[in-house]
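Q: Sequence plus predicted model, see below.
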Amino acid sequence: MTKAQRITEIEEQIGSLSSPSKMPCYSYSISARDCITGGKLVKLENSICHGCYALKGNYNFSNVKNSAFAFSSLLSLIVSLLIIILNFV
């Protein structure tokens, strides 16, 4: 398996980095549905989170949701492993 094939295989499982036009570098996204504070503020009419764009439009397509879920799961695993490592330091 070539390096490019391996990268493609990994991206199919966890998604890939995005290239937002307003940022100077690649990034990743997490689901707005996972935001604890935003989940409360979205209900308040005068809050910054009210009418959140990330809860509608393209963010509702299953491929976008699946990618965010996969990345969120991976991030949770990484954090858990880091906690284990730090407990041994």
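A: Yep, that arrived. Numbering: from 1, shown residues only.

Q: Leu75 touches Ser29, doesn't it?
A: No: shown here, Leu75 and Ser29 do not form a contact pair, counting by C-beta atoms under 8 Å, at 11.1 Å. Placement of C-beta: from N, CA and C, glycine included.

Q: buried ones in stretch 33-48?
A: Applying a neighbour-count criterion of 16 or more other C-beta atoms under 10 Å, the buried positions in stretch 33-48 are 33, 35, 38, 42.

Q: quick one: contacts for the third one?
A: By C-beta atoms under 8 Å, 6 or more residues apart in numbering, Gly38 lies in contact with 32, 49, 52.

Q: and of those, the nearest to Phe69?
A: If you rank the contacts of Gly38 by distance to Phe69 using C-beta to C-beta, Ala32 comes first, at 12.5 Å.

Q: How many residues are close by that closest one?
A: Neighbourhood size, Ala32 [other C-beta atoms under 10 Å]: 17.
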